[in-house]
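Undergrad: coordinates for the following, if possible.
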Amino acid sequence: MKVEASNQLLVLALTLCGVNSIGTTEPDGTLDPAIPPSFLAPDGEITDPTILNPAPEFPAPLDGTPNISIVAQSKLNDFLLLEQYAAASYCDYNNNYPQGGRRLACDNDVCPDLDPLDQITEYEFVHPPGFLGWSSTGYIATDNSNHLTILAFRGSHDVGDFIRDAQLVMTSTGLCPVVCLAHSGFWNTWKLSSNDIINALLPVVRQNPQNRLVITGHSLGGALATLAATVLRGPPYNLELDLYTFGSPRVGNYFLARHISRQGMGNNYRVSHIHDPVPGLPLKGLPPFGYFHVWPQWYITSGNNVSVTVNDINEYNWNEEAMAITDVEPPAGYDTDVTTALDIPNVAAHLWYFRQVSGCTLTTPTTALATFRRRQRIRRQ
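TA: As a prediction, the model looks like this:
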């Protein structure tokens with residue numbers, strides 16, 4: 001617990017000093033075109049039956065140890081692609097034109113596998129700060145080549161967002177019959193923008209029935225994506241969708257985590273990275289009112305600035321429900337979101353998910369056009 005507390009203080013201290021991005025030399029972490037994402041056949045048709053019939057959760061042992069499985073290359077390709085949609089939300093160019101209709105664009109090589117001819121924004125949003133300064137930013141886009149409709153939330157982009165990430169107060173959500181509590185900052189941020197986002201998203205979903213709906217986000221964006229997915233899967237919307245988060249903090253209490261993990265209507269992919277301190281925040285507590293993570297978890301074990309292979313990421317069905325029932329803490333190395341004395345927190349690890357996730361600086365149509373033309377030249381070579 002003392003180590004966790006020091007991690008939280010480290011994050012706040014670094015952000016108060018203005019640390020919100022770290023320069024890196026990026027490797028070639030692009031998708032392997034010979035291996036399509038797992039939900040696409042070679043001709044581009046959606047084939048994954050789990051989109052309509054998600055696989056049931058397999059139980060983890062009740063002694064608190066996880067079931068660990070290797071990630072297939074096709075699933076890793078999914079993560080590589082969806083992380084780039086999350087990264088694109090950091091580009092001001094992609095979230096400052098509410099009418100949408102523009103090509104999704106990035107700079108600094110943060111989304112090299114997104115083809116600007118195929119990804120078009122349908123709605124872009126920067127909601128003004130509300131009570132206590134909470135706000136949300138992101139976009140809705142369609143991807144014709146991958147048959148996707150994407151709702152992406154931007155992560156922590158300034159000191160204020162990071163500070164609000166660490167607030168501990170919970171509030172009731174009404175998302176499940178029992179007491180489903182969420183971090184008040186995350187929940188209020190989502191509620192302030194939810195009507196506009198949902199009203200923009202529903203027509204896009206209806207107009208693109210061939211597309212799979214995915215919601216994604218990094219850091220604070222992962223928390224907002226989790227809450228948005230939970231609301232949209234429930235009544236009256238009842239949308240089938242998949243959730244991809246990267247470096248997300250804990251969102252709410254045990255009952256909320258259990259509800260989200262068991263909700264069905266699509267799959268949850270919560271990806272974390274070794275030494276990233278943010279998934280360890282807010283600090284975990286005792287059930288039912290302490291903070292808990294959605295399960296299962298995909299855990300990247302390689303360091304920063306290196307390409308991730310199938311040998312560097314594992315699925316941990318490390319079932320926090322089993323831990324809550326048995327009141328057994330996992331052995332060191334299994335509770336991968338709780339750092340140990342040997343696991344030094346590293347803010348750079350929070351910013352590196354397959355590539356520099358928050359590195360986009362694209363702001364204007366002029367720079368977007370230049371980036372688009374450069375990518376066209378590269379593709380023709």
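
Undergrad: state the mean pLDDT of the longest helix anywhere in the chain.
TA: Longest helix of the chain, by residue count under DSSP state H: helix 184-207. Model confidence over helix 184-207, given as mean pLDDT, is 94.

Undergrad: show me what it is packed up against.
TA: Counting contacts by 3 or more Cβ pairs under 8 Å, 6 or more residues apart in numbering; DSSP states H and E, helix 184-207 is packed against strand 119-126, strand 137-143, strand 148-153, helix 159-165, strand 170-172, helix 220-233. Placement of C-beta: from N, CA and C, glycine included.

Undergrad: output the strand or helix carrying V214 as CSV, nothing but the C-alphas.
TA: When elements are assigned from DSSP states H and E, V214 belongs to strand 212-218. Coordinates of each C-alpha in strand 212-218 appear next as CSV, following Å, rounded to 0.1, in the frame of the first residue of the first chain:
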residue,chain,number,x,y,z
ARG,A,212,-18.5,-3.3,-35.9
LEU,A,213,-18.8,-0.7,-33.2
VAL,A,214,-15.7,-0.2,-31.1
ILE,A,215,-15.1,2.3,-28.3
THR,A,216,-11.5,3.1,-27.3
GLY,A,217,-9.3,5.4,-25.2
HIS,A,218,-6.0,5.8,-23.4
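
Undergrad: can I assume A72 is in contact with N314?
TA: No - A72 is not in contact with N314 according to Cβ atoms under 8 Å; the separation is 11.6 Å.

Undergrad: so these two - more neighbours on which side?
TA: Between A72 and N314, counting by other Cβ atoms under 10 Å, N314 is the more crowded of the two (17 against 13).

Undergrad: ok but that one is inside a helix, no?
TA: No - using DSSP: H, G, I helix; E, B strand; the rest coil, the secondary structure at N314 is strand, not a helix.

Undergrad: if we can go back for a sec, including distance to I274, mean pLDDT and mean neighbour count, could the helices and strands packed on helix 184-207 go into a markdown table?
TA: Supplementary listing: these in a markdown table, determined by distance: least, Cβ to Cβ, whole Å; pLDDT from 0 to 100; neighbours: other Cβ atoms under 10 Å:
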| stretch | distance to I274 | mean pLDDT | mean neighbour count |
| --- | --- | --- | --- |
| strand 119-126 | 30 | 86 | 21 |
| strand 137-143 | 27 | 94 | 25 |
| strand 148-153 | 24 | 97 | 28 |
| helix 159-165 | 20 | 47 | 20 |
| strand 170-172 | 28 | 91 | 16 |
| helix 220-233 | 17 | 96 | 26 |
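
Undergrad: mind putting the ones you listed into CSV with distance to I198?
TA: Compiled in CSV, the helices and strands packed on helix 184-207 are given as follows (distance: least, Cβ to Cβ, whole Å):
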stretch, distance to I198
strand 119-126, 11
strand 137-143, 10
strand 148-153, 10
helix 159-165, 22
strand 170-172, 20
helix 220-233, 7
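
Undergrad: for P209, which of the ones you listed is the nearest?
TA: With Cβ to Cβ as the criterion, P209 lies closest to strand 148-153 of the helices and strands packed on helix 184-207, at 9.8 Å.

Undergrad: now the angle from that closest one to strand 212-218?
TA: Angle between the axes of strand 148-153 and strand 212-218 is 20 degrees (criterion: axes from the mean of the first three to the mean of the last three Cα atoms, to 10 degrees).

Undergrad: each with direction, which strands does strand 148-153 pair with?
TA: With DSSP bridges as the criterion, the sheet partners recorded for strand 148-153 are strand 137-143 (antiparallel), strand 212-218 (parallel).

Undergrad: and N67, which of those is closest to it?
TA: Of all those, strand 212-218 sits nearest to N67, with 24.9 Å by Cβ to Cβ.

Undergrad: now that closest one: buried residues?
TA: Judged by neighbour count using 16 or more other Cβ atoms under 10 Å, the buried positions of strand 212-218 are 212-218.

Undergrad: one step back: distance to Q263 for the strands paired with strand 148-153 - can I get that in CSV?
TA: Compiled in CSV, these are given as follows (distance: least, Cβ to Cβ, whole Å):
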stretch, distance to Q263
strand 137-143, 21
strand 212-218, 13
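
Undergrad: of all the ones you listed, which lies closest to T309?
TA: strand 212-218 (20.8 Å).

Undergrad: for the closest residue to N304 other than its chain neighbours, grab the count of nearby residues.
TA: What sits nearest to N304 in space, not counting adjacent residues and going by Cβ to Cβ, 6 or more residues apart in numbering, is W352, at 4.3 Å. Around W352 there are 27 other residues, counting by other Cβ under 10 Å.

Undergrad: quick check: pLDDT value at W352.
TA: What the model reports for W352 is a pLDDT of 90.

Undergrad: hey, what's it bridged with?
TA: Q356.

Undergrad: any idea how far it is from D78?
TA: W352 sits at a distance of 18 Å from D78 (criterion: Cβ to Cβ, to the nearest Å).

Undergrad: same question, Q119
TA: Applying Cβ to Cβ to Q119 and D78 gives a distance of 16 Å.

Undergrad: same question for S307.
TA: As judged by Cβ to Cβ, S307 and D78 stand 16 Å apart.

Undergrad: looking at those two, which is more packed in?
TA: The residue with more neighbours, out of S307 and D78, is D78; 24 against 14, by other Cβ under 10 Å.

Undergrad: helix or strand with the lowest mean pLDDT in the chain?
TA: helix 2-16 (a mean of 39; mean pLDDT, DSSP states H and E).

Undergrad: convert the following helix or strand past that helix to PDB, retaining C-alpha atoms only.
TA: Tracing the chain C-terminally past helix 2-16 and defining elements by DSSP H and E, one meets strand 67-70 next. The C-alpha atoms that make up strand 67-70 are tabulated as PDB, following Å, rounded to 0.1, in the frame of the first residue of the first chain:
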ATOM      1  CA  ASN A  67      -5.300 -18.200 -15.900                       C
ATOM      2  CA  ILE A  68      -2.700 -16.900 -18.400                       C
ATOM      3  CA  SER A  69      -2.900 -17.500 -22.100                       C
ATOM      4  CA  ILE A  70      -0.700 -16.400 -25.100                       C
END
